[in-house]
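1. Sequence unavailable; structure follows:
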């Protein structure tokens with residue numbers, strides 16, 4: 001697990017979950033939410049899957065779902081939501097970059113990336129009830145990028161270049 005900035009008791013929390021479909025990200029997100037709710041915090045879970053469920057899984061809808069998720073996380077940060085839990089696969093560094101950029105920009109979020117353990121493609125396929133083809137899991141594994149820390153992600157050249165021209169509201173340079 002890679003950690004973010006040093007946490008103090010006054011900082012809000014941003015959790016970025018990573019893992020292939022079926023590995024248990026949503027279960028982990030719910031556990032984190034429950035733990036913080038018992039402390040009296042009114043956190044929120046953000047997942048592009050929430051938007052995917054309303055549309056079909058075409059590439060255009062997929063991209064719009066992730067954009068909507070980023071916008072909702074940005075709005076939640078501006079409202080001071082604590083904790084914010086991002087429950088997406090986050091396979092590539094550029095997928096996490098916007099959330100880390102937002103958290104750093106807010107200056108009061110402790111950012112923690114949580115990578116769930118890798119399990120076999122066959123087990124993931126069964127957990128997803130065959131809705132995701134095995135070849136897709138293999139492509140996810142090939143694209144997987146190691147993330148040592150939030151700074152590793154934030155300083156990734158490809159990620160910076162990819163998001164540099166983004167017109168999304170959160171991308172204030």
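-> Thanks, I have the structure now. Nothing here was measured: the structure is a model prediction, and the numbers come from that model.
2. for the chain, what spans make up the helices?
-> Using DSSP state H, the helices of the chain run over residues 25-38, 49-52, 59-79, 93-106, 121-127, 134-143, 150-154, 157-164.
3. quick one, which of those helices is nearest to residue 13?
-> Closest to residue 13 of the helices of the chain is helix 25-38 (C-beta to C-beta; 7.5 Å). Bear in mind the C-beta positions are built from the backbone N, C-alpha and C, glycine included.
4. Tell me which helix or strand in the chain has the weakest average pLDDT.
-> Ranking every helix and strand in the chain by mean pLDDT, DSSP states H and E puts helix 49-52 at the bottom, with a mean of 66.
5. got a markdown table for the helices of the chain, with mean neighbour count and distance to residue 14 too?
-> Formatted as a markdown table, the helices of the chain follow (neighbours: other C-beta atoms under 10 Å; distance: least, C-beta to C-beta, whole Å):
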| stretch | mean neighbour count | distance to residue 14 |
| --- | --- | --- |
| helix 25-38 | 15 | 11 |
| helix 49-52 | 16 | 18 |
| helix 59-79 | 16 | 8 |
| helix 93-106 | 22 | 4 |
| helix 121-127 | 15 | 26 |
| helix 134-143 | 13 | 23 |
| helix 150-154 | 20 | 9 |
| helix 157-164 | 13 | 17 |
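6. Serialize those to CSV and add fields for distance to residue 11.
-> CSV is the format used below for the helices of the chain (distance: least, C-beta to C-beta, whole Å):
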stretch, distance to residue 11
helix 25-38, 13
helix 49-52, 26
helix 59-79, 12
helix 93-106, 10
helix 121-127, 34
helix 134-143, 32
helix 150-154, 13
helix 157-164, 23
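7. any idea which of those scores lowest on pLDDT?
-> Note on the helices of the chain: lowest mean pLDDT is at helix 49-52, with a mean of 66.
8. neighbours around residue 120, how many?
-> Number of residues near residue 120 (other C-beta atoms under 10 Å) recorded here: 9.
9. cool, the one 10 residues further on as well?
-> When counting by other C-beta under 10 Å, one arrives at 9 neighbours for residue 130.
10. Against residue 137, how distant is it?
-> Residue 130 sits at a distance of 11 Å from residue 137 (criterion: C-beta to C-beta, to the nearest Å).
11. Please name the nearest non-neighbouring residue to residue 23.
-> By the measure of C-beta to C-beta, 6 or more residues apart in numbering, the closest residue to residue 23 outside its immediate chain neighbours is residue 116, 4.6 Å from it.
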